[in-house]
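Asks: With the input below, show me the fold.
(2 chains)
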Amino acid sequence: MTIQCPTPHHDDEVVLLGHGAGGRLTAELLDRVILPALDGDPGPMEDAALLPGYRELVISTDSFVVSPLFFPGGDIGSLAVHGTVNDLAMRGAWPVALSVSLILEEGLALTELRAVMASLGKAAQDAGVPVVTGDTKVVGRGAADRLFINTTGIGQRHGSLHPSAALARPGDAVLLSGPIGLHGTTVLSTREGLGFEGDIASDTRPLHRLVRTLVPLGADVHVLRDPTRGGLAAALNEIARDSSVAVEIEESAVPVPEAVASACDLLGLDPLVVANEGCLVAFVAADAAEGTLNAMRSMGEGAGAVRIGEVLPDGPAGRVTLRTLVGARRIVDMPLGEQLPRIC
Amino acid sequence: MKYLDEYRDPVLARRLLDELRQTVTHPWRIMEVCGGQTHTLVRQGIDELLPAGMRMIHGPGCPVCVTPLETLDRAMAVAARPEVILTSFGDMLRVPGTDTDLLSLRARGADVRVVYAPMDAVRLAAEHPEKQVVFLAVGFETTAPANATAVLHAARLRLTNFSMLVSHVLVPPAMTALLDDPDCEVQAFLAAGHVCAVMGWREYEPIAAEYRVPIVVTGFEPLDLLEGILMAVRQLESGRFEVENQYVRAVRRSGNTEAQDAVREVFRVTDRAWRGIGALPDSGLELAEKYRRFDAARRFDVSGLCPVEDAECIAGAILTGAKLPTDCTAYGTRCTPRHPLGAPMVSSEGTCAAFHAAGRTPVRSTA
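Replies: As a prediction, this is how the structure comes out:
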């Protein structure tokens, strides 16, 4: 057979997988296509939004399209609860109610759906949040990847705990509640059969109780963010951008489990940009750093809390740097799009 | 994290740097051949901590970067066929061809899939007899054995719907081509540890002797790189030019003979064009006559390929170490990972991508 060159060339841009990876491509899509159409207030991109007219209520929505549906440490059902509960918690809120919308692909085994729903129900019950409304749609075979779940949550903020991505200040301590990279490497390894899944499990879990322990610290807690898509690198870049500050972290202080480090080395991925589902970054006043760490460590989900860096007293707004193991300094950039495993 | 910690210990790293500073008396220039080593050097900032005047030259060892544009355009023409599933490693998917890249083709409907091993492509072919499964097989000696094994497996399965677009390259001919250039500044090499894990280092010994250049087989962790640099500097300072092995935990002099046998069975050495560098004699691998039926370039007779390199891209000078990414007028402005003009900016092994990821900015003269 003979094929003509050049390959078909299209002038129109199309959506790429990388547009959904939480990095610079996602930001471009929001800035150029989605937000202009919605005519919303410009401002920091938060995990959850204040409900207009209700100062103490926040709302957040998230869709879960993870493949495979089940992976070590969790599944799409529990993830759909934890993801939205955590987005509410990152604004200092306790979850009040959830909605659950299902998009099911024709042919999905009911046994799998039952297992996912049982897990979702248990996760909601364990988190102490009722599912009060929902929706179910079925699409034809090939129109979805087996099962997609959307959850929307309403949360009520705790007293004086009002964190925002725009509130980081020079001198703040940057804290991390636990190790990074577990969720992303677990899902990738399970999906592709890479053989790491015996050694690692997703860190998916609710963080609202951990956040509740920070309530006594009140206004000293400036920013909370769970570094999901785009990982720690994207979260820190968003905070540095929205707060107009320069952030520096210490490479040797960032906890990366051995199995995560090995998987990332093999695949050419950077643990800083791999997704997490069960840890949070906190920017707190320097004086409150020890108290915050102690509060976090009092909870199982914060047992591994560490200080990883600080907001520099001065420095270019929006810049994130890393002190490397050998003592040099390099910039941690916003990831571009989806991470692609390397060749060798 | 015991295993990795041993090679990422900040205290040991600073000790090696101190020792290096005490050893160096000349502004030596050492080339790390491999793109993976370039990334460790730049990500850790090791190249910026070297003694004054001493310089690392970033070499051509990024397999994605040196894959000819013509091969990429051919892969995209094949991938655009409705009956084809085109498979490759992830970082090939974003490399720009003349008009587009494989990720964009996939978004427009082409069946392009990331695989983690060539055997995955063989399995895919066995599962989809109605499709033609093509594996874009690029890389140095490191990936050749697995690709050879995949061809052998496909032959055993008598698959007629599996083929490879082969563009393998070999390290030693590239090293000698660089050394033959009268403008070459390289005084010592860090050889890529994983290439030597397959091939050993015997073929480097005549190069070290003939060109009087130290070659140190080196790993990829920060301490590997620092120790490799120190070993190369010790040779340079004492006027020695031998092949030494820093990567003793993974490499033997004879390499992996079983892997070499598989490569010899399936491939044969051929002349090969390197993107940005040009044609180098005996610098590549192609399928041996016995396995030509698995050659995708023959199976899909693509006509009228018209590869056109971007005129502003200085990938060739980057790949030979003649220039740094920050010397390029397009670096960080018209050429970024989002809109790369050339492969060194897009590949995870590429020097330009390494510089960009580490936030390196051009040092503009104020004179």
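Asks: mind listing what the spatially most central residue of chain A touches?
Replies: The residue lying closest to the centre of chain A (CA atoms, centre = their mean) is A:T228, at 1.7 Å. A:T228 is in contact with A:G22, A:G83, A:H183, A:A275, A:N276, A:E277, counting by CB atoms under 8 Å, 6 or more residues apart in numbering or on different chains. Backbone N, C-alpha and C define where each C-beta goes, glycine included.
Asks: do A:P227 as well
Replies: A:I180, A:A234, A:A235, A:L236, A:A275, A:N276, A:C279, A:L280, A:V281.
Asks: one more time with 7 Å, if that's ok
Replies: A:A234, A:A235, A:N276, A:C279, A:V281 (CB atoms under 7 Å, 6 or more residues apart in numbering or on different chains).
Asks: what about the stretch 51-200 of chain B, any weak spots by pLDDT?
Replies: Residues of the stretch 51-200 of chain B meeting the criterion pLDDT under 70: none.
Asks: Hmm, I typed the wrong one, I wanted chain A.
Replies: A:1-12, A:40-42, A:338, A:340-344.
Asks: Can I get the lengthiest strand in it in PDB? Just the C-alpha atoms.
Replies: Longest strand in chain A by number of residues (criterion: DSSP state E): strand A:93-105. Output in PDB follows, covering the C-alpha atoms of strand A:93-105 (Å, rounded to 0.1, in the frame of the first residue of the first chain):
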ATOM      1  CA  ALA A  93     -15.000  23.600  55.500                       C
ATOM      2  CA  TRP A  94     -16.800  20.500  57.000                       C
ATOM      3  CA  PRO A  95     -18.800  18.600  54.400                       C
ATOM      4  CA  VAL A  96     -22.600  19.000  54.900                       C
ATOM      5  CA  ALA A  97     -24.000  17.200  51.900                       C
ATOM      6  CA  LEU A  98     -23.000  15.500  48.600                       C
ATOM      7  CA  SER A  99     -24.700  14.900  45.300                       C
ATOM      8  CA  VAL A 100     -23.600  11.900  43.100                       C
ATOM      9  CA  SER A 101     -24.100  11.700  39.300                       C
ATOM     10  CA  LEU A 102     -23.300   8.600  37.500                       C
ATOM     11  CA  ILE A 103     -22.600   8.100  33.800                       C
ATOM     12  CA  LEU A 104     -22.600   4.400  33.000                       C
ATOM     13  CA  GLU A 105     -21.500   2.800  29.800                       C
END
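Asks: Could you tell me how far the helix or strand following that strand lies from the centre of the chain?
Replies: Per DSSP states H and E, the first helix or strand lying C-terminal to strand A:93-105 is helix A:110-127. The chain centre lies 21 Å from the centre of helix A:110-127; the measure is CA atoms, centre = their mean, to the nearest Å.
Asks: got it, and stretch B:152-159?
Replies: Using CA atoms, centre = their mean, the offset of stretch B:152-159 from its chain centre is 28 Å.
Asks: Next, the buried residues of that stretch.
Replies: For stretch B:152-159, burial by neighbour count (16 or more other CB atoms under 10 Å in any protein chain shown) applies to B:L152, B:H153, B:A154, B:A155, B:L159.
Asks: if we take these, which one ends up nearest to chain A?
Replies: Relative to chain A, the closest of the buried residues of stretch B:152-159 is B:H153; by CB to the nearest CB it sits at 17.0 Å.
Asks: show me where the stretch 101-250 of chain A has strands.
Replies: A:131-139, A:147-157, A:173-176, A:221-225, A:247-250 (DSSP state E, counting those that start in this stretch).
Asks: Next, the buried residues of the longest strand of chain A.
Replies: Buried-residue list, strand A:93-105, by 16+ other CB under 10 Å: A:A93, A:W94, A:P95, A:L98, A:S99, A:V100, A:S101, A:L102, A:I103, A:L104, A:E105.
Asks: Quick check: beta-bridge partners of the first one?
Replies: Beta-bridge pairing of A:A93, defined through DSSP bridges, involves A:R157.
Asks: Same question for the last one.
Replies: Here A:E105 sits in beta bridges with A:V139, going by DSSP bridges.
Asks: Without its sequence neighbours, what residue ends up closest to the residue in the stretch 101-250 of chain A that chain B sits nearest to?
Replies: Of all residues in the stretch 101-250 of chain A, A:E192 sits closest to chain B, at 5.6 Å by CB to the nearest CB. Once flanking residues are discounted, A:E192 sits nearest to B:Y116: 5.6 Å by CB to CB, 6 or more residues apart in numbering or on different chains.
Asks: State the distance from the residue of the stretch 251-367 of chain B found nearest chain A to B:I277.
Replies: Residue of the stretch 251-367 of chain B nearest chain A, by CB to the nearest CB: B:G359 (2.4 Å). B:G359 sits at a distance of 28 Å from B:I277 (criterion: CB to CB, to the nearest Å).
Asks: gap between A:L232 and B:P182?
Replies: In terms of CB to CB, A:L232 sits 47 Å off from B:P182.
Asks: Which of those two has more residues huddled nearby?
Replies: A:L232 (28 against 4; other CB atoms under 10 Å in any protein chain shown).
Asks: check which helix or strand covers B:R106.
Replies: helix B:102-107.
Asks: Please indicate which of the strands of the stretch 101-250 of chain A has the most neighbours on average?
Replies: Among these, strand A:221-225 has the highest mean neighbour count (mean count of other CB atoms under 10 Å in any protein chain shown), at a mean of 26.
Asks: Only C-alpha atoms, please: export that one in CSV.
Replies: What follows is strand A:221-225, C-alpha atoms only, in CSV (Å, rounded to 0.1, in the frame of the first residue of the first chain):
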residue,chain,number,x,y,z
VAL,A,221,-3.5,28.9,58.5
HIS,A,222,-3.2,30.9,55.3
VAL,A,223,-3.4,28.3,52.6
LEU,A,224,-4.6,24.7,52.3
ARG,A,225,-4.4,22.8,49.1
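Asks: can you list contacts of that strand?
Replies: With CB under 7 Å, 6+ apart, strand A:221-225 has contacts from A:47, A:90, A:92, A:161, A:163-165, A:167-169, A:172, A:211, A:214, A:235, A:239, A:280-285, A:292.
Asks: Identify those among those that sit within helices.
Replies: Judged by DSSP state H, the subset of the contacts of strand A:221-225 located in helices is A:V211, A:A235, A:I239, A:T292.
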